[in-house]
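Participant: give me the fold of what follows.
(chains A and B)
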Amino acid sequence: MTVQTARPRRTILRRIVSFLVFIVAVLVVWEAFKLLAGDPIFVDGEKIWDPPLTVWLATDVNLPHTWVIWNRTLAPVTSGAKESLGGYLIGQAVFTMRESLTGFAIGGVLGIALATLFVHFRLIERAFVPYVVASQTIPIIALAPLIMFFTGHNVSSVIIIATYLCFFPVTIAMLRGLRSPDPRALELMRSYAASRRAVLWKVRFPASLPYLFTALKITATASIVGAIVGEGPGGMQEGLGRALMFFSQQYAISPEKLWASIFVTAGLGILFYLAVVGAEQWVLRGRPQAAFG
Amino acid sequence: MRRSHRFMALAGAAMLALAACTPSGSSSESPGASSGASAGGSAGAGVTPATVQLQLQWLDQSQFSGYYAADAQGYYAAEGITVTFLPGGGTVSPQEVGSQPNGPEFSLAWVPKVLQAREAGSDLVQIAQMFQEAPTLSVSWKNAGITSPADFKSKKVGAWPFGNELEVVASATIAGLKAGTDYTRVEQDFDMSELIAAKDGCDASATNCVDVAEAMIYNEWAQLLEATDPDTGKLYQPEQFNVINYNDIGTAMLQDSLWARASWLAEAGNEDVATRFLRASFKGWIYCRESPDDCVQYALDHGSVWGKGHLAWMMNEVNALVWPSPDGIGALDTAKWDQTIETATAGQILTKAPTDGAYRTDLADAARAGLDDPIGTDWTKPTVEVTPGGE
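Facilitator: Sure, this is the predicted structure:
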């Protein structure tokens, strides 16, 4: 994804600065839109600003003021609670993260195993790949009750859903990756009379890594989606899925709670994605950029 | 060589992550979710301990505080029962979850939707009727002029999915209106924003509003009154709305009853477990009648993130649905059952009246025997003030 430059620290700094500039720009546009077309602003019951236009999207219910969201995040999650809304949401995010990481890891291992199997046994590949593809056409909401039926209402059902969303991209990308080595490299190994295992270990796996990471970047976020979707029917007592459900019910009276939850959920996704990118850069360090991306 | 080492390191890290996250966080382990065995002393002699699940009708809130109280006060433990609460909400249909052969032993659900499930083959049997009154309202702005289901004509009518819409839909059918041709049925969000959006009228082509919204008297009705009018900066007032209460127009249907599978009840010893479960639950509701503030706290302890003000309103309204119970807590008023069936069949929710066996009263009667004041004759509904934002 990125080139290792001679001055990596400066690159990182530049990225951080451009990210911050982007955030500030979003906030400015957000508030400008509200000033122009939102609801009147009251201070101590006095109307201090009446916007010239009225646009449904800019009302306080649909787009709360950014400072309202921020202040709500710092305020107690429920009246009198010691924990702030932000602290509560981070706690729920940790719970969801554990579910999704587990699904991510199992899905990844399953995907790699399936691809390795398929690449060595054409017959199995031809027999099973259609089913692997077909499995992904079933909507997860249709499958969730079925999974609950088999596992009961507990955390394993949530992990199965996250795994289900994760294994497919890894299988397909790894299959491609394991077939990607230069034919000359494979011929060379054959001329050495290298075993299948040696070819797999020394040529195929290393060549597949860039493909694997592309898939893992997809599954990093997919695993979170799977965990959140599964938490509702799974009857979880905790997690972001439950928090999102709670706060969407409170949207009419305090929309800022749902907005805060959405930001934390997005933050979790970004964090997970960046972790995979970091791992990728470490594992693939020294490789030419053209090999992956 | 080096590359394969990296792959190994990566695989190792993945395994480690897997090992580290293999969940210990199953739902039953979170604090407050299961019976504290220490809380209520030891079970009586000769009682077989039992572990059961209770599927709730919705997300954790004071609607279920009677059961939380039975747990926190040790009533379940005293009966030798460990209860795990399964929260509902979103796409969870308690009648479907509870119908599964390996589903929870007890489910809390509304009568008409369980009867629908029974028509589809479920063997759920009602063992106790908790709410004596139905809480469903249809709320609209005064200026829309909707005071009865007949006024739904040509309007956008909000109702929830998953069997929570049946009173609204059946009442419209009884008023001679057909969804799609006479009125537009809108699958309502789980909050009141669509009704708030209709304050200055709801255009037929608009997608963000409904003319009339379904509301529970203990929850969404309060949400409306807790919301601030952006034009005035003040809370909305009850006088601004027309409220259809289905109890008043005779098409109310019973809600919040406890159900168990007939096949489960038929197994040796399970009727006894059910009776003990009911006895402890009834005691929990008596506790919430006497100490509503504690019961608000129990809902918070169970992870509800509603504000205390909202939960206090809900507790008060729910108490008013349970108390007084003229025939004793958990008793089924057969006249109201008959009204439910009549509404459901006339409203084309059910194809025909259910045959015998959809409910039994013997377990609740046995559970109630010997309880202290199971009627609540002297209970009068206290006044609970609306708090801004439900805080």
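
Participant: my guess is A:F104 contacts A:S223. True?
Facilitator: Yes - with contacts counted by Cβ atoms under 8 Å, A:F104 reaches A:S223, the gap being 4.1 Å. Where you see a C-beta, it was placed from the backbone N, CA and C, and this is true even at glycine.

Participant: which residues are in contact with each of these two?
Facilitator: Between them, A:F104 and A:S223 share these contacting residues under Cβ atoms under 8 Å, 6 or more residues apart in numbering or on different chains: A:A162, A:C166, A:F272.

Participant: from the residues you listed, pick the one nearest B:F106.
Facilitator: Proximity of the shared contacts of A:F104 and A:S223 to B:F106, judged by Cβ to Cβ, is greatest for A:A162, which lies at 29.1 Å.

Participant: the closest one: neighbour count?
Facilitator: The local packing of A:A162 (other Cβ atoms under 10 Å in any protein chain shown) involves 30 other residues.

Participant: need the per-residue pLDDT for it.
Facilitator: Reading off the per-residue confidence, A:A162 sits at a pLDDT of 93.

Participant: could you check which helix or strand contains the nearest residue to it once chain neighbours are set aside?
Facilitator: Once flanking residues are discounted, A:A162 sits nearest to A:G103: 2.4 Å by Cβ to Cβ, 6 or more residues apart in numbering or on different chains. Secondary structure assigned from DSSP states H and E places A:G103 in helix A:85-120.

Participant: ok, and A:L35, which helix or strand is that part of?
Facilitator: When secondary structure is defined using DSSP H and E, the element that contains A:L35 is helix A:8-37.

Participant: is chain B contacted by the helix or strand following that helix?
Facilitator: If you walk from helix A:8-37 toward the C-terminus, the next helix or strand you reach (DSSP H and E) is strand A:41-43. Yes - contact between strand A:41-43 and chain B is present through A:F42 (criterion: Cβ under 8 Å from any Cβ of the partner chain).

Participant: I'd like to know which elements the helix or strand that comes right after strand A:41-43 is packed against.
Facilitator: Proceeding C-terminally, strand A:41-43 gives way to strand A:46-49 as the next helix or strand, assigned by DSSP H and E. For strand A:46-49, the helices and strands in contact under the criterion 3 or more Cβ pairs under 8 Å, 6 or more residues apart in numbering or on different chains; DSSP states H and E are strand A:41-43.

Participant: give the rounded mean pLDDT of the strand it packs on.
Facilitator: For strand A:41-43, the mean pLDDT works out to 81.

Participant: once you drop chain neighbours, what's closest to B:S93?
Facilitator: Excluding the flanking residues, the one nearest B:S93 by Cβ to Cβ, 6+ apart is B:F162, at 5.0 Å.

Participant: that neighbour: neighbouring residues, count only.
Facilitator: Counted with other Cβ under 10 Å, the neighbours of B:F162 add up to 15.

Participant: low-confidence ranges, the stretch 1-150 of chain A, go.
Facilitator: For the stretch 1-150 of chain A, the stretches flagged by pLDDT under 70 are A:1-8.

Participant: how about the residues of it by chain B?
Facilitator: Contact residues of the stretch 1-150 of chain A with respect to chain B, defined by Cβ under 8 Å from any Cβ, are listed as A:39-40, A:42, A:45, A:47, A:56, A:59-61, A:77-81, A:88, A:95, A:98-99, A:101-102, A:104-106, A:108-109, A:141, A:144-145, A:148-149.

Participant: need the buried ones from those selected in PyMOL.
Facilitator: A single PyMOL command suffices to select whichever of the residues of the stretch 1-150 of chain A next to chain B are buried according to 16 or more other Cβ atoms under 10 Å in any protein chain shown:
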select buried, chain A and resi 39+59+60+61+77+78+79+81+88+95+98+99+101+102+104+105+106+108+109+144+145+148+149
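
Participant: just to revisit the earlier point, ok, so of the shared contacts of A:F104 and A:S223, who is nearest A:V26?
Facilitator: Nearest member of these to A:V26, counting by Cβ to Cβ, is A:F272, at 21.5 Å.

Participant: would you list the phi and psi of B:L124?
Facilitator: Taking degrees, to the nearest 10, you get phi -70, psi 140 for the backbone angles of B:L124.

Participant: and for the one 3 residues further on?
Facilitator: Dihedral pair for B:I127: phi -110, psi -10, per degrees, to the nearest 10.

Participant: ok, and the closest non-adjacent residue to it?
Facilitator: Leaving out its chain neighbours, the residue that sits closest to B:I127 by Cβ to Cβ, 6+ apart is B:L363, at 4.9 Å.

Participant: my read: A:P145 touches A:P233, true?
Facilitator: Yes - applying Cβ under 8 Å, one finds A:P145 in contact with A:P233, separated by 6.3 Å.

Participant: show me what contacts B:W264?
Facilitator: Contacts for B:W264 (Cβ under 8 Å, 6+ apart) come out as B:E105, B:N270.

Participant: in the strand or helix carrying it, which residues are buried?
Facilitator: Element membership of B:W264 [criterion: DSSP H and E] is helix B:262-266. Within helix B:262-266, the residues that qualify as buried by neighbour count (16+ other Cβ under 10 Å) are B:W264, B:L265.

Participant: quick one on the thing from earlier: what's the closest of the shared contacts of A:F104 and A:S223 to A:S248?
Facilitator: Of all those, the one sitting nearest A:S248 is A:A162; the distance, using Cβ to Cβ, is 21.2 Å.

Participant: where's the closest one, which helix or strand?
Facilitator: When elements are defined using DSSP H and E, A:A162 is found to belong to helix A:155-178.

Participant: one step back: what is the helix or strand that comes right after the helix holding A:G103 packed up against?
Facilitator: Secondary structure here is assigned by DSSP H and E; on that basis, the next helix or strand after helix A:85-120 toward the C-terminus is helix A:122-135. Packed against helix A:122-135 by the contact rule (3+ Cβ pairs under 8 Å, 6+ apart) you find helix A:85-120, helix A:155-178.

Participant: list the contacts of helix A:122-135.
Facilitator: Under the criterion Cβ under 8 Å, 6+ apart, external residues in contact with helix A:122-135 comprise A:L114, A:L117, A:F118, A:V119, A:Y164, A:F168, A:T171, A:I172, A:L175.

Participant: buried set for the helix or strand following the helix holding A:A162?
Facilitator: Past helix A:155-178, further along toward the C-terminus, the next helix or strand under DSSP H and E is helix A:183-191. Buried residues in helix A:183-191, counting neighbours by 16+ other Cβ under 10 Å, are found at A:L186, A:M189.

Participant: repeat that for stretch A:110-126.
Facilitator: So for stretch A:110-126, counting by 16+ other Cβ under 10 Å, buried means A:L110, A:G111, A:I112, A:L114, A:A115, A:T116, A:F118, A:V119, A:E125.

Participant: how close does the first one get to A:P169?
Facilitator: This points to A:L110. Using Cβ to Cβ, to the nearest Å, one gets 12 Å for the distance from A:L110 to A:P169.

Participant: over to the last one?
Facilitator: With distances defined as Cβ to Cβ, the gap from A:E125 to A:P169 amounts to 17 Å.

Participant: domain ranges for the chain?
Facilitator: Here I'm looking at chain A. For chain A, the domain assignment from automatic domain parsing gives the residue ranges A:8-63, A:86-288.

Participant: wrong chain, I was asking about chain B
Facilitator: As given by automatic domain parsing, the domain ranges for chain B are B:46-132+B:253-390, B:136-249.

Participant: please state the offset of the first one from the chain centre?
Facilitator: Think domain B:46-132+B:253-390. In terms of Cα atoms, centre = their mean, to the nearest Å, the centre of domain B:46-132+B:253-390 is set 8 Å apart from its chain centre.
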